[in-house]
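In: quick one, what's the 3D model for this:
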Amino acid sequence: MNTFEAIAARVSVRDFSDAPVEREKLEQIVQAALFAPVGMKRYDSLHLSVLSTHAAVAKFTALAREQCGDPAADPVHNAGALIIVSGKRPDEHTEYANAGCMIENMLLAATELELGSLYVQGAVRAMRGTAQEAKLRALLNLPEGFTPIGSAAVGYCSEQLSPRTAPKNDVTKVDYID
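Out: Next up is the predicted model:
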């Protein structure tokens, strides 16, 4: 699969299987994140935490359920792994852009590896400033000064990921200026 095929095949998966994600594949996905562009080369302002098993991901899901008050909530849809990007500058737009670049690289790498993926930002963001934030920091074993920003959920799914022939987005206007 080439880059354009991976872009065309990548979809947000919300039905992951119980199959575990192999460590080798997780390492490749993390490596893709490390190739992402980072504004002003502030690589030291970012941190990755890999919840590499269903059991570890279930701990995140339990915190999300506790935070929102819904015992059935599953913001990661039973993903086999969750890779959370944290930053030292969570109130700066650049930190979110940097995290977004890392996450998109991970989502595309997962697609290349025939894994489903999902960008999960809302559940991570919702814990900020709540009692669950301290618990999330402990779960992630975060170094002092880092705040969770967003994440990539990855795992196996029943859906065959094949390139689409047309984008889902047919409403965004594009102007070419010569």
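In: contacts, neighbours, all on C-alpha from now
Out: Will do.
In: mind checking which helix or strand Ala152 is in?
Out: strand 147-155 (DSSP states H and E).
In: which other helices and strands contact that strand?
Out: Under the contact criterion of 3 or more C-alpha pairs under 8 Å, 6 or more residues apart in numbering; DSSP states H and E, strand 147-155 touches strand 81-87, helix 93-112, strand 116-120, helix 122-126.
In: so what strands line up beside that strand?
Out: With DSSP bridges as the test, strand 147-155 is paired with strand 81-87 (antiparallel), strand 116-120 (antiparallel).
In: closest to the centroid, which residue in the protein?
Out: Ala152 (1.3 Å; C-alpha atoms, centre = their mean).
In: does it touch Ala79 like I think?
Out: No - using C-alpha atoms under 8 Å, Ala152 makes no contact with Ala79, being 9.6 Å away.
In: hang on, the earlier thing: Glu22: which of the helices and strands packed on strand 147-155 is closest?
Out: When the helices and strands packed on strand 147-155 are compared by C-alpha to C-alpha, strand 81-87 sits nearest Glu22, at 9.6 Å.
In: tilt between that closest one and helix 93-112?
Out: Relative orientation of strand 81-87 with respect to helix 93-112: 160 degrees, computed using axes from the mean of the first three to the mean of the last three C-alpha atoms, to 10 degrees.
In: what's strand 81-87 in contact with?
Out: 20-21, 45-54, 56-57, 76, 95, 99, 102-103, 146-155 (C-alpha atoms under 8 Å, 6 or more residues apart in numbering).
In: also stretch 126-139?
Out: Taking C-alpha under 8 Å, 6+ apart as the rule, stretch 126-139 contacts Lys59, Phe60, Leu63, Ala64, Glu66, Gln67, Thr147, Pro148.
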